[in-house]
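Novice: coords below, sequence missing:
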């Protein structure tokens, strides 16, 4: 999965950017007590472990 696809998936589940500094973005949503850090690199592939960790923390299921 690419970073842009991961961000799109998070946004489809109600997450939005709360903070951004350089390529580091923090996503959150109402009723969710944590911010999810995504080191955004556009068209590059997200490392498998990083992708799984972000999806697990956010509670988002991916095919």
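Specialist: Thanks, I have the structure now. Keep in mind the model is a prediction, meaning the values are calculated, not measured.

Novice: Strands of the protein, start to end?
Specialist: Using DSSP state E, the strands of the chain run over 16-21, 24-28, 36-39.

Novice: And the contacts of the second one?
Specialist: Read it as strand 24-28. 7, 10-11, 15-20, 34-40, 58 (CB atoms under 8 Å, 6 or more residues apart in numbering). Where you see a C-beta, it was placed from the backbone N, CA and C, and this is true even at glycine.

Novice: Run a quick neighbour tally on the closest residue in space to residue 29 that isn't next to it in sequence.
Specialist: Of all residues not flanking residue 29 in the chain, residue 14 sits nearest, at 4.5 Å (CB to CB, 6 or more residues apart in numbering). Per other CB atoms under 10 Å, the neighbour tally for residue 14 reads 14.

Novice: Any stretches of the chain with poor pLDDT?
Specialist: Scanning the chain with the threshold set as pLDDT under 70 gives 63.

Novice: The chain: helices as residue ranges?
Specialist: 3-12, 48-58 (DSSP state H).

Novice: which one of those helices is the most hemmed in?
Specialist: helix 3-12 (a mean of 16; mean count of other CB atoms under 10 Å).

Novice: Check which helices and strands it is in contact with.
Specialist: strand 24-28, strand 36-39, helix 48-58 (3 or more CB pairs under 8 Å, 6 or more residues apart in numbering; DSSP states H and E).

Novice: List the pairing partners of the second one within its sheet, with orientation.
Specialist: On the basis of DSSP bridges, the sheet neighbours of strand 36-39 come out as strand 24-28 (antiparallel).

Novice: chain center to the strand it pairs with, what's the gap?
Specialist: Relative to the chain's own centre, strand 24-28 is displaced by 7 Å; criterion: CA atoms, centre = their mean, to the nearest Å.

Novice: tilt between it and helix 48-58?
Specialist: 30 degrees (axes from the mean of the first three to the mean of the last three CA atoms, to 10 degrees).

Novice: Sounds good, over and out.
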